[in-house]
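> I would like to see how this sequence folds:
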Amino acid sequence: MTKHIFVTGGVASSLGKGLTASSLGRLLKSRGLRVTMQKLDPYINVDPGTMNPFEHGEVYVTEDGGETDLDLGHYERFIDENLTRGSNATTGSIYTSVLAAERRGDYLGKTVQVIPHVTDEIKRRVSDLATDDVDVVITEVGGTVGDIEILPFLEAIRQFRLDVGRENVCYIHLTLVPFIGPAHEQKTKPTQHSVTELRSRGIQPHIIVCRSESPIDPGLKKKISSLCDVPVEAVVNASDAPSLYDIPLVLHNEGLDTEVCRLLGLPDTEPDLREWRNLVQRVKDATFPIRVGIIGKYVALPDAYLSVVESLNHAGAFHGADVKIDWMSAEDVPRYLETGAIRELDGIVIPGGFGERGVEGKIEAAKYSREHQIPTLGLCLGMQVMTVEYARNALGLDGANSAEVDPDTPHPVIAIMESQRDVEEKGGTMRLGAYTAHLQPGSQVAEIYGSTVVSERHRHRFEFNPEYRSKFEGTDFVCSGESPDGTLVEFIELKGHPFWIGTQAHPELKSRPTAPAPLFREFVAAALQRAEGRNPHIIDIEPARGPR
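Numbering: from 1, shown residues only. Just a heads-up that it's a prediction; the model follows:
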């Protein structure tokens, strides 16, 4: 029978429940177990798709087009499995399902209540992931124990243990052990209070993971064990690590996966962590500095571009490069050009986004990078502004723009396709999830991918306008990838430039620590070449080619 692990958090938010759950998933998968993961989020939004990135960070898109919490990105990157929209459930989506069932008459006229109807729907969401090809489901419960919004979720996972059998459920609680400077000691009281709060909801944790700045001593572990009623070997210390990729090894050394296997009756086989240890070593050895500017709207909150940052780190570790990120507000690009800050970059990433704010700055950055041979990777909106820039400054199409930014532009080189217009006018959705693209044989992107057929994930409404495609043909601007029916441009590149490539997709969503996304891998290789030219002491890096 499928085993279930529930990860809750206490004391404070942002302690790292998602990374702890992801790390455990990696450790269990390294033992040969089939693992999937899920996030239960207490907020009332149906999904994060309409939330401001400053509120919630990036929207992570799954293969099947689910707009989900950014923690699913950590899950996929660590366990190296594609998840689905079913791996993210919010209060909003759960109540939407319950109310729809009530309107259909599914409850046969009964009064609809939090218990049992809402809790049953939560349990159904968890059970749906327990398929025949899954050994372990790890479910992270968002929020902090004590929050009013989390109560239905705690009640649901309490009941779940009764439904599937006590031997099939493990509760892990993540808490904080703070260091009090004046007293010169670490304090267990927050952990004690948090566990007491969790127990008041009917859940006794099997394992307590203690976050701390520095390692906690055995005496404190014994104290927590005694006061929180867990075996001392089930008190796991997750002290601050050099990088997030060290976390699985830290938790393994603390015995987390061994204890989980013991509690759930899983085979206690030694995990094969060679690949992960090699990754951690590459991260430590990545010392060649390169500067990459991310030019976006939401740079005040780096989590808005979390997958982009992680993809750059994956590619940096692959090449032995220490990627230093310069966060550059798109609205301030004129100032960066004036001060020469952009000139000092080894590479530029123009990420996705919506709306008109900052678009002109992104266009100016694309122009400068094109004219000054700076490696540039455009993602979604990034590809669109590169198209607009070339149309204006190389093709002479004055006033060219995206119809999203300027509905009255005389040259809408970016527009909503006719096939999508009816859906859009009826309040339809975006182009979401994985789509196949055919790459032009012999093109730069085909060489990078090592294939002429690729699949990447999308999240956008506007497209390269095919009515203008003929104006780009025969120039250095190459439409090097398109949809299978030839109607949509998916990739663009520039002849004679070391790396000036844009994609309508979001390749950062499929990058893995042990398998960097091809476009990011080769972008960082090009940035390294530029860095080497500016700093001759850096050794030559041979770009790695091959299929994904």
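> so how far is the helix or strand where residue 289 lies from its chain's centroid?
Using DSSP states H and E, residue 289 sits in strand 288-296. Its chain's C-alpha centre and that of strand 288-296 lie 19 Å apart, by Cα atoms, centre = their mean, to the nearest Å.
> May I have the phi/psi pair for residue 179?
The phi/psi pair for residue 179 (degrees, to the nearest 10) reads phi -100, psi 120.
> so who does it touch?
Contact analysis of residue 179 by Cβ atoms under 8 Å, 6 or more residues apart in numbering lists 185-187, 212-214. C-beta coordinates here come from the backbone N, C-alpha and C atoms, glycine included.
> sorry, back to before: so in that sheet, which strands flank the strand holding residue 289, and in what orientation?
strand 321-329 (parallel), strand 347-350 (parallel) (DSSP bridges).
> Quickly find the element holding the residue in the chain sticking out farthest from the centre.
The centre of the chain is farthest from one residue, residue 109, which by Cα atoms, centre = their mean lies 41.9 Å away. According to DSSP H and E, residue 109 maps onto no helix or strand at all.
> cool, residue 362 as well?
helix 359-371.
> Now do the buried residues in that helix.
Judged by neighbour count (16 or more other Cβ atoms under 10 Å), helix 359-371 contains these buried residues: 359-370.
> swap in stretch 343-360?
In stretch 343-360, counting by 16+ other Cβ under 10 Å, buried: 345-353, 358-360.
> Could you tell me the end-to-end distance of it?
18 Å (Cα to Cα, to the nearest Å).
> Now do it, average pLDDT.
When pLDDT is averaged along stretch 343-360, the result is 92.
> Equivalent analysis for stretch 92-107, please.
Here the average pLDDT along stretch 92-107 is 95.
> Over to stretch 519-529?
What stretch 519-529 shows for mean pLDDT is 97.
> what's in contact with that stretch?
Stretch 519-529 is contacted by residues 288, 290, 292, 311-312, 314-316, 318-319, 321, 323, 346-347, 349, 375, 377, 445, 448, 498-499, 501, 503, 507-508, 511, 516, 538, 540-541, 543-544 when judged by Cβ under 8 Å, 6+ apart.
> Buried subset of these, written for ChimeraX?
Buried residues among the contacts of stretch 519-529 (16+ other Cβ under 10 Å), as a ChimeraX selection:
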select :288,290,292,311,312,314,315,316,318,319,321,323,346,347,349,375,377,445,448,498,499,501,503,507,508,511,516,538,541,543
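> ok, now which ones touch residue 264?
3, 5, 136, 167-168, 170.
> what does residue 153 give?
Contacts of residue 153 (Cβ under 8 Å, 6+ apart): 40, 42, 122, 141, 143.
> re the thing from before, give me the distance between the residue farthest from the centre of the chain and residue 99.
When distance is defined by Cβ to Cβ, to the nearest Å, residue 109 is 15 Å away from residue 99.
> What of residue 401?
Taken as Cβ to Cβ, the span from residue 401 to residue 99 is 42 Å.
> Looking at these two now, which is surrounded by more residues?
Taking neighbours as other Cβ atoms under 10 Å, residue 401 and residue 99 compare with residue 401 leading, 26 against 12.
> is it true that that one lies in a helix?
No - using DSSP: H, G, I helix; E, B strand; the rest coil, the assignment for residue 401 is strand, not a helix.
> can you list the strands paired with strand 288-296 in CSV and add distance to residue 154?
As requested, these are exported to CSV (distance: least, Cβ to Cβ, whole Å):
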stretch, distance to residue 154
strand 321-329, 37
strand 347-350, 40
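> out of the ones you listed, which comes closest to residue 23?
Closest to residue 23 of the strands paired with strand 288-296 is strand 321-329 (Cβ to Cβ; 22.3 Å).
> Using CSV, lay out the buried residues of stretch 343-360 together with distance to residue 461.
Output for those, formatted as CSV (distance: Cβ to Cβ, whole Å):
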residue, distance to residue 461
345, 30
346, 32
347, 28
348, 24
349, 21
350, 18
351, 16
352, 11
353, 12
358, 18
359, 15
360, 20
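> Tell me the one of these nearest residue 231?
Distances from residue 231 to the buried residues of stretch 343-360, taken by Cβ to Cβ, are shortest for residue 351, at 46.3 Å.
> Filter the contacts of residue 153 down to the ones in strands?
Taking DSSP state E as the definition of strands, the contacts of residue 153 contribute 40, 141.
> Show me which pair in the contacts of residue 153 is furthest apart.
Maximum distance among those (Cβ to Cβ): 13.4 Å, for 122 and 143.
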